[in-house]
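Visitor: show me the folded form of this:
(one chain, ligands or ions: 2)
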Amino acid sequence: LTSGLESAWNKLKGEEVLTKENIVEPMRDIRRALLEADVSLPVVRRFVQSVSDQAVGVGLVRGVKPDQQLVKIVHDELVKLMGGEVSELVFAKSAPTVILLAGLQGVGKTTVCAKLANYLKKQGKSCMLIAGDVYRPAAIDQLVILGEQVGVPVYTEGTDVKPSEIARKGLSEAKKKNIDVVIVDTAGRLQIDKGMMDELKDVKLILNPTEVLLVVDAMTGQEAAALVTTFNLEIGITGAILTKLDGDSRGGAALSVKEVSGKPIKLVGRGERMEDLEPFYPNRMAGRILGMGDVLSFVEKAQEVMRQEDAEELQKKIMSANFDFNDFLKQTRAVAKMGSMTRVIGMIPGMAKVTPGQVREAEKNLKIMEAMIEVMTPEEREKPELLAESPERRKRVAQASGKTEHQVSQLVAQLFQMRVRMKNLMGVMEGGSIPSLSN
Ligand code: GDP
Ligand code: MG
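Guide: Ligands and ions are numbered 1, 2, ... in the order given. Just a heads-up that it's a prediction; the model follows:
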């Protein structure tokens, strides 16, 4: 998916703004990339529509290129698609919390039982596993071994006991032992069948679980989303756990589950080790899919710092060579706000030659400059020439702000230098001489 999207951004290189016309090709690439990632068609359609609508209407942010802007829109839409916020596990008001795991055979249920216990144990919760897969003795042994591995007790019965009966006995055992969380493993089938569903319904009825989580294999793509939907309709689930994400390079399942089934992915498995289970963060997943973390944080910063109105106004000022102390303050503050985002600096017109060291210096000097600009009259702020021409005015500003006259002179000179630099950048060359300060 990542590589598929790359050609979408590349098609916008050299464009000035996003338009209805120039996003046609990139959107086609995005659509193709999503379909190749095995995201279901209706989801792809809605996604592409939503991104297109936003892209055309989007406001310009100074220094942000259209391809970067599109990356950001796609990212935010991916996050939304995957449910937005991380969906936390819910715990029962009075212990034990019961988590019932369901899913087809081989998707990683038994592994998840132990991984989840391991994960919750680290949060200080006591756990117990219940072996509810009675069809293969090996399944019980597997859970016992994994339980030992993570140091969590496993409740077992013989293979001749009904799963719902095991669940009932196991739960009362957990209550006796004051266990915080009970995790119940169940039997899967190769395909959905009535026997499995009925059994799950029975077990669910006995346990009244806080969480019913469907374990699905990420490598099955949009099939995973369909399964979550079916299980939800049949037995009612609270969410999904996506396993084997380490083997899935396409991302289709992660993208489709929430949108198709309405149920969130709560956890993801990224490997066979007991540590390889983590909450599902839509934000991080989107970042991973796009593989463009730096572009995203750049666009965010730039948006935050430079709202369109400000930027346009500033642009006009620069064009008309009326850049004054008010703008000076605005721009210097914006630079300071961005802090270590030195990459950004190179993209702001007029700041093109500022090095990281100079940015830090600018931050340090901002306070001093602010103090001086604050005591200027509104007239002086708008017409820096007044200060350039009058030593008396500079003296007054120096005294009122507690700075030296030399510092005030420097500030005034700096402003005129900035005017010139900006005009040069805008290609407006005439009338850009730096007035010398009269003494
Ligand atoms: P169950 O039939 O649903 O209980 O599935 P199991 O827990 O027995 O897992 C089936 C196989 O998938 C085992 O070999 C696991 O080690 C493997 N497995 C489970 N989760 C993951 C995962 O997140 N990544 C990888 N690579 N393998 C996994
Ligand atoms: Mg199993």
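Visitor: neighbours around S7, how many?
Guide: 15 (other C-beta atoms under 10 Å). Any C-beta I mention is one placed from the backbone N, CA and C, and that applies to glycine too.
Visitor: quick one: contacts for it?
Guide: Contact analysis of S7 by C-beta atoms under 8 Å, 6 or more residues apart in numbering lists D29.
Visitor: on the three-state scheme, it is what?
Guide: Here S7 is recorded as helix under DSSP: H, G, I helix; E, B strand; the rest coil.
Visitor: got phi/psi on the residue of the stretch 251-400 of the chain found nearest ligand 1?
Guide: Here the stretch 251-400 of the chain gets closest to ligand 1 at one residue, G269, 3.0 Å apart by C-beta to the nearest ligand atom. Dihedral pair for G269: phi -100, psi 130, per degrees, to the nearest 10.
Visitor: please identify the buried residues of the longest helix seen in the chain?
Guide: When the chain is parsed with DSSP state H, its longest helix is helix 405-426. By neighbour count on 16 or more other C-beta atoms under 10 Å, the buried set for helix 405-426 is 407-413, 415-416, 418-423.
Visitor: can I assume I192 sits in a helix?
Guide: No - secondary structure of I192 (three-state DSSP): coil, not part of a helix.
Visitor: list the buried ones in stretch 143-154?
Guide: In stretch 143-154, counting by 16+ other C-beta under 10 Å, buried: 143-144, 146-147, 150, 152-154.
Visitor: ok so, going back, could you measure from the residue of the stretch 251-400 of the chain closest to ligand 1 over to ligand 2?
Guide: 13 Å (C-beta to the ion, to the nearest Å).
Visitor: who does that residue bridge with?
Guide: L277 (DSSP bridges).
Visitor: so it makes contact with D248?
Guide: No - contact status for G269 versus D248: not in contact, 10.6 Å apart, counting by C-beta atoms under 8 Å.
Visitor: quick one on the thing from earlier: now the two most distant members of the buried residues of helix 405-426.
Guide: Pairwise distances across these peak at 25.1 Å for Q407 and K423 (criterion: C-beta to C-beta).
Visitor: give me the contact list for stretch 274-293.
Guide: 1-2, 5, 71, 74-76, 78-88, 112, 114-116, 118-119, 146, 149-150, 242, 246, 251, 254-255, 264-270, 296.
Visitor: report the buried members of the residues you listed.
Guide: Buried among the contacts of stretch 274-293 by 16+ other C-beta under 10 Å: 1, 5, 71, 74-76, 78-79, 81-83, 86-87, 112, 114-116, 118-119, 146, 150, 242, 251, 254-255, 264-270, 296.
Visitor: and the pLDDT at G106?
Guide: At G106, the pLDDT value in this model is 92.
Visitor: which residues of the stretch 251-400 of the chain score low on pLDDT?
Guide: Within the stretch 251-400 of the chain, the stretches with pLDDT under 70 are 291-321, 331-364.
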